[in-house]
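In: Structural data only, the sequence is not supplied:
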């Protein structure tokens, strides 16, 4: 998600751990996974998917 934001995408909506990003009419949905939790990961990660 940070690469997308640094590349010019902007957050257009947020709900809980999910964010919708937009750039030039193209939309991406990202989910943030905080460090720790059930997986015990050492850092926060995100997964993003293009919508169009």
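Out: Structure's in. What do you need? Source: prediction; values computed, not measured.
In: can you give me the strands in this structure?
Out: 10-15, 18-23, 26-33, 45-50 (DSSP state E).
In: possible to save these as CSV with mean neighbour count, mean pLDDT and distance to residue 3?
Out: From N, CA and C alone the C-beta is placed, and that goes for glycine too. As requested, the strands of the chain are exported to CSV (neighbours: other CB atoms under 10 Å; pLDDT from 0 to 100; distance: least, CB to CB, whole Å):
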stretch, mean neighbour count, mean pLDDT, distance to residue 3
strand 10-15, 11, 97, 14
strand 18-23, 17, 98, 11
strand 26-33, 15, 96, 11
strand 45-50, 12, 95, 9
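In: closest to residue 2 out of the ones you listed?
Out: strand 45-50 (7.7 Å; CB to CB).
In: Turn the strands of the chain into CSV, including distance to residue 2.
Out: Converted to CSV, the strands of the chain look like this (distance: least, CB to CB, whole Å):
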stretch, distance to residue 2
strand 10-15, 12
strand 18-23, 11
strand 26-33, 10
strand 45-50, 8
